[in-house]
Each structure stands twice: as structure tokens, then as C-alpha cells.
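Enquirer: Next one to model:
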Amino acid sequence: MKISCPHCQQKLDAPPEMAEQITICPACNNKFFIAIQEVVKVEKNDTNIVNKECPKCGVNIKLNSLKCSFCGLIFDERQKLLKQHSNGEKKFYFLTFCIIICLISIIIWQYNITVELRKQINELRDNNNNLAGNNISLKNQIDDIKYGAEKLNNEAQSLFQEGKLPDALQKINTLFEKHPDKKVSTLYKSFYNKIQEAILNKEIQLSKEKKELEARLNKNISSKYDKMQYTTWYETTRDIRYSSNDSEWYYVELYIGKLDNGKKYFRLRTQYSNLQNKDTKWIFYNQIQLLGDNGKNIYITTDHPEKKSEVCSWGLKEWSDNLVMEDDFIELAKAKTIRVKFCGKYSSEFDLNENQTMAVKEIIEKYKSL
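Expert: Numbers count the residues shown, from 1 in each chain. So this is what the prediction gives:
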């Protein structure tokens, strides 16, 4: 039968069985419905095959039916393709719709997260500002506890009583720095002036003592330059001999050597003498021990060649001249009393008398001033 496409008016041939079916125009690819144009005439001898059985449900249907009216089974391949195409379009649109919904959901979810994060950030910022304010408040409280005017004043008073005048002055200056209004206070100002006066008096006293010490050192210490050794020797002029009786004498002298290049050092000269001509007694000392009441203990080895001995017409003597450590004797000089022991085959010990002790202290003071 002859049909025409309602979209492009293209003339087409269609079999009678396409009546009341949807087809696709091969010219414009548009779908359209084919109306009944002609009734298929069936010959009389073909009346036995007018109906056919549906292969799916077994129901008898018209021979020219393209689709089972009971189970929906499609017999025409083009109709199957058209249905499959229609189903594919539906799936495509459905999947597209699902993807759009998912993207919209993700965007909404991210937006909600962003809003929540901004809210949390604002809350954290507010908390930080509050904490900063609390920290400032706490710092002010700590400063008030640590640098309160009364506390600083009490600390300055204690340091003043202990004689730590520079520290006391520093405390008062801190007080004035932290509390400027206290500068006009009569109480704090008078105490500040009292510290200044005490510091000035102490400086005057120290200057006076320094001059007295220099005068005493110049009086009790002699200096002699040795051209051969390029050394200036500083020795005490005090009488530093010690005797337990009229026959045995001990001699302990600390002295200084200073080279032309400025290097200085201590030496210790020791001697034992026995003035008896008969029944002469030797000590044979090979070590000198010095012990201060401050706990400083020094051992000095006096072996040959520094150690020597001699028999004279008036008796005998042993003597030694040794290089000693600077720090040991500076620490020993802080002691009030010093005990000396001559150690050897025999031994003898005694306390340095006042003259001998002063000689040691003066030599060390001279050493510091060089």
C-alpha cells in the first residue's frame, strides 16, 4: 500500500501488516503512525491459517499481528529496534537525571560543609580573641604579682640589708619603671636616695682601702729586675722565718715572677735549717703540704733538682724552689689560717704566724694588680 510521511511528505510503500503501527521515515528519520488504508483480503483456501499462536504465551492471534495483544511480544524486528531505541532513550534520560541530581546533591553538601567550616572558623577566631584578652588579663595579674610595688620594695629592702646595693638599686629602678607614679612617693624616693648614698660611701671606702693596700704592698713587697732572665721578681720584705726552738728554722715564701712579655707566675721557696753542730737532724723532705681552714689543700713535690741540701760550718740546710699553680694559691689566700707540713723521711708541721700569712696574702694581691 502507498503511504506518505506526514513530516516530509515523502511517498513510501508499506506492507498491509504495518497498518495501525508506528514506523520510521527513511527520508527524515521521524516516527509516525500508519493508519488503515486497505483491508487484506484472505483467500478462501487460506482460512485455516488466518490465526497464529504466540510463541511466548500460546494465545491465538491474527496472522498479520506485529505484536501479541496479551503478553506484548513483538514479532516485527523493526518494532523491536524501535522499542529498544525508545528504552535506550529512556535509560539515557534517566541516567542523565540521576547524574544531575547527584551533582546538585554534592554541590549542596559542599555548600553546607563550607558554611559549617566558616561557622567553626568564626567561632575559633572569637575564641582566640577571647583567649588573647584573657592572656592579657592574666599577664597583667602576673605582672602585678611579680612586679607589684610593695613586693619590689620588700625585695629591695632585703637586698639592701644583705649589702647587695647594686641589686637593691636595680629593684628600685624596676619598681619605678613598672609604677611611674611611685617616683613622686616620699617613701620610695627616700629609700632610693638611701641606696645611692650607701653605694657612694662604699665606693669611697673601697677606694680608700685600695689606696691603703697599694701603700702596704709597696712597703712590704720589693721588686728586682733580672736582665739575664728578662724577669721582674716580686718578694716580700717581711720576716717570714719560723722556729719552734733556737736550733730549727723553717722558711716558707711565696713570690712572683713576671716576664717582659707580661706573663706572670708563682713560685714557692721553702727551707729547713738546723744550727746544731753535733747530733745534726735531717728531715729529708720531698713534699710540702699547705692546708687552709677553708678546706683548700695543696701538695707540692720537692724532688731533685729543685730540692737541694748542704752541710755548713754552722749546721745543715735543705731547700727547694718550685713552680706552683696560680689558682691553688689564690683560693688558699681566702683562708684565715694556713698550716704547713714538711713531709719526708721525717716530718714537721706548724701554722703560719700572722706575719707569714700576711706575706702570702699580700703577694697574691700584688699578683692580681700586675
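Enquirer: switch to C-alpha atoms for all contacts and neighbour counts from now on
Expert: Will do.
Enquirer: Let me see the ranges of the helices in the stretch 151-300 of the chain.
Expert: Residue ranges of the helices in the stretch 151-300 of the chain, as given by DSSP state H, counting those that start in this stretch, are 165-178, 186-220.
Enquirer: Tabulate these (a markdown table), appending mean pLDDT, mean neighbour count and distance to residue 252.
Expert: Shown next, in a markdown table, are the helices of the stretch 151-300 of the chain (pLDDT from 0 to 100; neighbours: other CA atoms under 10 Å; distance: least, CA to CA, whole Å):
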| stretch | mean pLDDT | mean neighbour count | distance to residue 252 |
| --- | --- | --- | --- |
| helix 165-178 | 89 | 18 | 40 |
| helix 186-220 | 91 | 14 | 16 |
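Enquirer: For residue 321, find the nearest of the ones you listed.
Expert: For those, proximity to residue 321 was assessed by CA to CA; helix 186-220 is nearest, at 21.1 Å.
Enquirer: That closest one vs helix 165-178, what angle?
Expert: Orientation check (axes from the mean of the first three to the mean of the last three CA atoms, to 10 degrees): helix 186-220 against helix 165-178 gives 150 degrees.
Enquirer: returning to that earlier point: could you say which one of the helices of the stretch 151-300 of the chain comes nearest to residue 28?
Expert: Evaluated over these, closeness to residue 28 peaks at helix 165-178, with 97.1 Å, by CA to CA.
Enquirer: what helices or strands is that closest one leaning on?
Expert: With contacts taken as 3 or more CA pairs under 8 Å, 6 or more residues apart in numbering; DSSP states H and E, helix 165-178 sits against helix 149-161, helix 186-220.
Enquirer: Let's have those helices in a markdown table, adding distance to residue 130.
Expert: Shown next, in a markdown table, are these (distance: least, CA to CA, whole Å):
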| stretch | distance to residue 130 |
| --- | --- |
| helix 149-161 | 29 |
| helix 186-220 | 37 |
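Enquirer: what about stretch 254-265, start to end distance?
Expert: Stretch 254-265 has an end-to-end distance of 11 Å (CA to CA, to the nearest Å).
Enquirer: chain center to it: distance?
Expert: Distance of stretch 254-265 from the chain centroid (CA atoms, centre = their mean, to the nearest Å) equals 46 Å.
Enquirer: The lengthiest helix in the chain - what's its average pLDDT?
Expert: Selection of the longest helix in the chain by residue count, based on DSSP state H, yields helix 77-146. The pLDDT scores in helix 77-146 average 80.
Enquirer: For it, name the packing helices and strands.
Expert: Judged by 3+ CA pairs under 8 Å, 6+ apart, helix 77-146 is in contact with strand 21-24.
Enquirer: Name the residues of the strand it packs on that come out as buried.
Expert: residue 23 (16 or more other CA atoms under 10 Å).
Enquirer: now that strand, how far from the centre of its chain.
Expert: Centre-to-centre, strand 21-24 and its host chain are 86 Å apart (CA atoms, centre = their mean).
Enquirer: Listing partners with orientation, what would you give for it?
Expert: Strand pairing for strand 21-24, using DSSP bridges, gives strand 31-34 (antiparallel).
Enquirer: Mind listing what's buried along the partner strand?
Expert: residue 34.
Enquirer: Give me the mean pLDDT for it.
Expert: Mean predicted lDDT for strand 31-34 stands at 79.
Enquirer: Number the residues from 27 up from this point.
Expert: Okay, residue one is now 27; in that scheme the one you just asked about reads as strand 57-60.
Enquirer: For that strand, give me every contacting residue.
Expert: 29, 31, 32, 44, 45, 46, 47, 48, 49, 50, 51 (CA atoms under 8 Å, 6 or more residues apart in numbering).
Enquirer: go again using 10 Å as the cut-off
Expert: Contact with strand 57-60 is made by 29-33, 40, 42, 44-51, 108, as judged by CA atoms under 10 Å, 6 or more residues apart in numbering.
Enquirer: again with stretch 208-222
Expert: Here stretch 208-222 has contacts from 175, 179, 182-183, 186, 190-192, 194-195, 197-199, 201-203, 223-228, using CA under 10 Å, 6+ apart.
Enquirer: Could you rerun that using 7 Å?
Expert: Residues from elsewhere that reach stretch 208-222 (CA atoms under 7 Å, 6 or more residues apart in numbering): 191, 195, 198, 202.
Enquirer: try stretch 247-260
Expert: Contacts of stretch 247-260 (CA under 7 Å, 6+ apart): 261, 262, 263, 281, 282, 283, 284, 285, 286.
Enquirer: Now, of those, which are buried?
Expert: Burial by neighbour count, 16+ other CA under 10 Å: within these this picks out 261, 262, 281, 282, 283, 284.
Enquirer: Now the two most distant members of those.
Expert: Taking CA to CA as the measure, the buried ones among the contacts of stretch 247-260 span a maximum distance of 15.0 Å, between 262 and 284.
Enquirer: quick revisit: of the contacts of stretch 247-260, which is the nearest to residue 374?
Expert: residue 281 (22.6 Å).
Enquirer: what's the closest residue to the closest one other than its chain neighbours in contact with, if anything?
Expert: Nearest non-adjacent residue to residue 281, counting by CA to CA, 6 or more residues apart in numbering: residue 261, 5.1 Å away. Applying CA under 7 Å, 6+ apart, we find residue 261 in contact with 247, 248, 249, 281, 282.
Enquirer: just checking, the last one touches residue 292?
Expert: Yes - the pair residue 282 / residue 292 is scored as a contact, 4.8 Å apart, by CA atoms under 7 Å.
Enquirer: how much space between residue 354 and residue 318?
Expert: Distance from residue 354 to residue 318, by CA to CA: 11 Å.
Enquirer: Find the residues that touch each one of those two.
Expert: With CA under 7 Å, 6+ apart, residue 354 and residue 318 have no common neighbours.
Enquirer: of those two, who's got more company?
Expert: For residue 354 versus residue 318, neighbours defined as other CA atoms under 10 Å are more numerous around residue 318 (19 against 13).
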